[in-house]
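Asks: Predicted model and sequence follow; I will ask about them next.
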Amino acid sequence: MPSFKIDTSTAVVFVATAPAPKMANKQTGERAMDRETGAGLSTVGLLISDEGEGNLYQVTVPETGLPESLPPGTPVSVIGLKARDWENEFNGQKRHGIAFRATSIVAAV
């Protein structure tokens, strides 16, 4: 499925929720892994504000692309942010949305 680059060069970005492990299976506790690198994946809540509008996004990032500490309120830069639409069926219910993924997140200077 195609993905689309998102330019955050003019945006102000803050950590809203600290990184947490992304689960592939919540029942078994199996962690989601990056298919290319094998690194564990984490989800970070980011508040992205640009052109007078602010939105909260849940962004998936490989643990190798995260600093050791990333507490809420930290201003950050997002590297390689992309959006991809998804659709699946679970228990007869169709669901769809947009998934956000970044290569890394670094504390802003």
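Replies: Perfect, thanks for sending it.

Asks: Got the phi and psi for Asp6?
Replies: Residue 6: Ile, not Asp. In terms of degrees, to the nearest 10, the main-chain angles of Ile6 are phi -120, psi 120.

Asks: Could you list the low-pLDDT ranges of this protein?
Replies: Within the chain, the ranges that satisfy pLDDT under 70 run 1.

Asks: Looking at it, name the residue that lies furthest from the middle.
Replies: What lies farthest from the middle of the chain is Gly92; by Cα atoms, centre = their mean that is 27.1 Å.

Asks: got a list of what the closest residue to Pro62 other than its chain neighbours touches?
Replies: Distances taken as Cβ to Cβ, 6 or more residues apart in numbering put Ala39 closest to Pro62, at 4.1 Å, once the chain neighbours are dropped. C-beta coordinates here come from the backbone N, C-alpha and C atoms, glycine included. In this structure, Ala39 makes contact with Met33, Pro62, Glu63, Thr64, judged by Cβ atoms under 8 Å, 6 or more residues apart in numbering.

Asks: distance of Ala39 from Ala20?
Replies: With the distance defined as Cβ to Cβ, to the nearest Å, Ala39 ends up 15 Å from Ala20.

Asks: just Glu68 next, same as before
Replies: Look at Glu68 and Ala20: by Cβ to Cβ, they are 15 Å apart.

Asks: more neighbours, those two?
Replies: Ala20 (11 against 4; other Cβ atoms under 10 Å).

Asks: That one is in what secondary structure piece?
Replies: strand 12-21 (DSSP states H and E).

Asks: buried set for that strand?
Replies: If you call a residue buried by 16 or more other Cβ atoms under 10 Å, then strand 12-21 has these buried ones: Val13, Phe14, Val15, Ala16, Ala18, Pro19.

Asks: same thing with stretch 55-73?
Replies: Using 16+ other Cβ under 10 Å as the test for burial, stretch 55-73 gives Tyr57, Val59, Thr60, Val61, Pro62, Glu63, Gly65, Leu66, Leu70.
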